[in-house]
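*Asks:* Kindly return the folded structure for what I paste below:
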Amino acid sequence: MAKSKNDRIDPLLAELVAIKRLMVFALLKSGASQKHVATALGVNQSQVSRMYPGGIVKAARDIAKDK
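*Replies:* Reported below is the predicted structural model:
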């Protein structure tokens, strides 16, 4: 049975979302503010904040400072 168009697109969209999250995380880890990232993405700062569990970005920044 042939895959439907949605069956082929869904994994691609999931991969794009994962890539976006990694890129945003890298920006935040390097010191960019949530507000700057949100502005670049054209979204609200709270949407960027909700992308990650509480404290994970701060912990990543602290680790980066220690290196």
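
*Asks:* what's R50 sitting at in phi/psi?
*Replies:* The phi/psi pair for R50 (degrees, to the nearest 10) reads phi -70, psi -10.

*Asks:* Could you measure from it over to D62?
*Replies:* For R50, the distance to D62 (Cβ to Cβ, to the nearest Å) stands at 21 Å. All C-beta atoms are positioned from the backbone trio N, CA, C, and that covers glycine.

*Asks:* Quick one: low-confidence residue ranges for the protein.
*Replies:* Scanning the chain for pLDDT under 70 picks out 1-2, 67.

*Asks:* where do the strands sit along it?
*Replies:* Remark: no strands are assigned in the chain by DSSP state E.

*Asks:* Tell me where the longest helix sits in it.
*Replies:* helix 5-29 (DSSP state H).

*Asks:* who's in contact with the spatially closest residue to K29 that is not a sequence neighbour?
*Replies:* Leaving aside its chain neighbours, K29 sits nearest to A60 (4.4 Å; criterion: Cβ to Cβ, 6 or more residues apart in numbering). If you count contacts by Cβ atoms under 8 Å, 6 or more residues apart in numbering, A60 has them with 25, 28-29.

*Asks:* So the residue nearest the centre of the chain versus D66, what's the distance?
*Replies:* When Cα atoms, centre = their mean is applied to the chain, the residue found nearest the centroid is R21 (2.0 Å). To D66, R21 is 23 Å away according to Cβ to Cβ.

*Asks:* Repeat that for A60.
*Replies:* In terms of Cβ to Cβ, A60 sits 11 Å off from D66.

*Asks:* still on that earlier bit, neighbour-wise, which one of the contacts of A60 leads?
*Replies:* Highest neighbour count within the contacts of A60, by other Cβ atoms under 10 Å: L28, with 22 neighbours.

*Asks:* mind listing what it touches?
*Replies:* Neighbour list for L28: 34, 37, 48, 52, 57, 60-61 [criterion: Cβ under 8 Å, 6+ apart].
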